[in-house]
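Trainee: Quick one: sequence and predicted model below, then my questions.
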Amino acid sequence: MIGQVHERISHIVNFTSSEILLCVSGPATSPVQSSRMKFRLKELRDRKGLTQEQMAELLDISVSLYNGLENGKRRMNADYIEGAAAIFGIPAPLLIDVPATPIAVAGCVGAGAQVPLVDATEHGDALFHIAAPEPLLRNGPPKDIAAVEIKGDSMSPMYQPGDVLFYTRHTHEGIPEEDIGRPCIVEDANGMAWVKQVKRGDSQGLWNLISLNPTAETMHNVRIKWAARVMLALPAEMVERL
């Protein structure tokens, strides 16, 4: 269902407001808003710092009608969609409330501590789940993506406490050639998790794990289970827990 919604949204970016209604909810058969489509009116209104009375005035409708639109009891038409999009300063498709796509946070890294990492993509376990950020949704629902949360300040200035790092394991063991030399989520032979730049060690099967904090020590000639590059770093203030 989530994938279908994202696919529909991706096809309507350049559509008119009336075409949005038709593509997402189908032909109108009732004065009540379709249960398959919701709008982000309250969220965007609150973010803009507007009251319902102010929104009604800007849309040139009654407060009771606007209240019905916001609560989903009255249906949106093309005029309301275009008007609301203009007020919020966003494209009309972004008014549609798309269900969040969950991504598992497998564990915590940082603070100079050794942290066991749950393989959330393999076992389905997680500390908690967060909403996938927009960059990970551009090609459809994300697959096989997990994340870790930064704890402590051992990775400053590159990453801060509470930041979330996303990764995908492309190999069950080892590290893909293209990920060598890049910041990676690493699980060592003892099952501990790190965020390090991975470089080749002195012999085959050994790796140097270079800290992202210049004041921390490099781990030399370490055996690892696997490593995967950091795909995306999300600042703590933008993390949405589910």
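Mentor: Here it is on my side, so go on.
Trainee: What are the structural domain limits within this structure?
Mentor: When the chain is parsed with automatic domain parsing, its domains come out as 2-95, 102-238.
Trainee: Pipe those into a markdown table and attach mean pLDDT and mean neighbour count per row.
Mentor: (Glycine included, C-beta is placed from N, CA and C.) Below are the domains of the chain laid out as a markdown table (pLDDT from 0 to 100; neighbours: other CB atoms under 10 Å):
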| stretch | mean pLDDT | mean neighbour count |
| --- | --- | --- |
| domain 2-95 | 74 | 15 |
| domain 102-238 | 83 | 17 |
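Trainee: and residue 175, how far is that from residue 197?
Mentor: With distances taken as CB to CB, to the nearest Å, residue 175 is found 11 Å from residue 197.
Trainee: can you list residues touching both of these two?
Mentor: Contact criterion CB atoms under 8 Å, 6 or more residues apart in numbering; residues shared by residue 175 and residue 197: residue 184.
Trainee: For this structure, which segments count as helices?
Mentor: 2-11, 17-25, 41-48, 52-59, 63-70, 78-88, 120-123 (DSSP state H).
Trainee: ok, residues contacting the fifth one?
Mentor: Judged by CB under 8 Å, 6+ apart, the contacts made with helix 63-70 from elsewhere in the structure are 39, 41-42, 45, 52-53, 55-56, 59, 74-76, 80.
Trainee: quick one: which of these is nearest residue 109?
Mentor: residue 42 (36.0 Å; CB to CB).
Trainee: what sits against that closest one?
Mentor: Here residue 42 is in contact with residue 70 (CB under 8 Å, 6+ apart).
Trainee: so how far is residue 48 from it?
Mentor: Going from residue 42 to residue 48 by CB to CB gives 11 Å.
Trainee: before we move on, what about residue 89?
Mentor: Remark: distance between residue 89 and residue 48 (CB to CB) = 9 Å.
Trainee: One more: residue 242?
Mentor: Taking CB to CB, one finds residue 242 at 24 Å from residue 48.
Trainee: same question, residue 150
Mentor: 31 Å.
Trainee: what's the answer for residue 227, then?
Mentor: 43 Å.
Trainee: what does residue 148 give?
Mentor: From residue 148 to residue 48 the distance is 34 Å (CB to CB).
Trainee: do residue 151 as well
Mentor: To residue 48, residue 151 is 34 Å away according to CB to CB.
Trainee: ok, which stretches of the chain are strands?
Mentor: 102-109, 115-116, 128-131, 145-150, 164-168, 183-188, 192-200, 207-211, 219-222, 224-229, 232-234 (DSSP state E).
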